[in-house]
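J.: Here's my sequence, what's the structure:
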Amino acid sequence: MKAWRALIALSFLLLSGCLVTFKDPLPADQAAPAALLGKWTSKNAWGEPLSLELKRIAANRYQAVTAHQGQSRQRETYDFTVSRHGSRWYLSAAVPQRLGGRFTIAGFELNDQHELVLYNLDLEQINQALGQKALSGETFTTTEGDGVLISSPLPEVFAYLDDPANSDVFVEAARFTRAGK
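T.: Numbering: from 1, shown residues only. As a prediction, this is how the structure comes out:
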C-alpha cells in the first residue's frame, strides 16, 4: 500500500495510508460552532508549518484554505459541511477523483486548550465493521492507496459512529492552535 498525503476539506490533516469514503456528504442543515471559524496553525508530520483558514461561504457551508506557510502558491481550497450527532462533531468534504471521488467524513473537536483536533476514521476498524456487517460497503484501490466506500445510509453510519463502544474507530490526525497565539 502506498503512503499518500491529501489535505481533504477540514481534513487538511495529513492523511497517510488509506481512506474511508461515503456515497453521500453530510447535509448542509447544521451550522458549525462559531469557534471553529478563523485562522489556525500546525505542523505536518515533517515539521513544516501549516496554516488553515476556515470561513463560512454560504448558509451552513464552509471553506477550508490550507497552505504551507511561506509558500502561498501551494494553497488548497476545500468546501465542507458539518453535523453534530450525539456528543460528536463531524465534517464532510468531497474527495479528489485520484482518491476514488465520493466524500469523506472526519470528526473534530474544539478542546479546553482552545485547540482544533481532527480525527480520521481508522480503515482497519471500518473493515472490521464491514466484516461484522455493522456497516455495508466495498473496498477499492487507487494509485494512491487502498480505501473503503461505505454504502450504508447516513443514519446507520452515525448510529455506528456515535456508539461509545466504537470510539476506537477515530484516530487523531491533526491538532491546530489559533493563529497568532
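
J.: And what about residue 65, helix, strand or coil?
T.: Put simply, residue 65 is strand when judged by DSSP: H, G, I helix; E, B strand; the rest coil.

J.: so it sits right up against residue 57, yeah?
T.: No. Using CB atoms under 8 Å, residue 65 makes no contact with residue 57, being 10.6 Å away. For the C-beta atoms, the positions are set from N, CA and C on the backbone; glycine is no exception.

J.: Neighbour count for the two, which is higher?
T.: More neighbours surround residue 65 than the other of residue 65 and residue 57, with 15 against 11 (other CB atoms under 10 Å).

J.: Can you tell me the element the closest residue to residue 139 other than its chain neighbours falls in?
T.: Closest residue in space to residue 139, ignoring its immediate chain neighbours: residue 148 at 5.5 Å, by CB to CB, 6 or more residues apart in numbering. Counting by DSSP states H and E, the element that carries residue 148 is strand 145-150.

J.: After that strand, which helix or strand is next?
T.: With secondary structure assigned by DSSP H and E, strand 145-150 is succeeded by helix 154-162.

J.: outside of that following helix, which residues touch it?
T.: Helix 154-162 is contacted from outside by 22, 24, 26, 85-88, 90, 105, 107, 129, 134-135, 150, 152, 166, 169, using CB atoms under 8 Å, 6 or more residues apart in numbering.

J.: Restrict the helix or strand following that helix to CA atoms and write it as PDB.
T.: Next helix or strand after helix 154-162 toward the C-terminus (DSSP H and E): strand 170-178. Coordinates of each C-alpha in strand 170-178 appear next as PDB, following Å, rounded to 0.1, in the frame of the first residue of the first chain:
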ATOM      1  CA  PHE A 170     -11.400   7.500  15.400                       C
ATOM      2  CA  VAL A 171      -7.600   8.300  15.300                       C
ATOM      3  CA  GLU A 172      -6.200  11.700  15.800                       C
ATOM      4  CA  ALA A 173      -5.000  13.100  12.500                       C
ATOM      5  CA  ALA A 174      -4.100  16.700  13.300                       C
ATOM      6  CA  ARG A 175      -4.000  19.300  16.100                       C
ATOM      7  CA  PHE A 176      -4.200  23.100  15.300                       C
ATOM      8  CA  THR A 177      -3.900  26.100  17.500                       C
ATOM      9  CA  ARG A 178      -5.300  29.600  16.900                       C
END
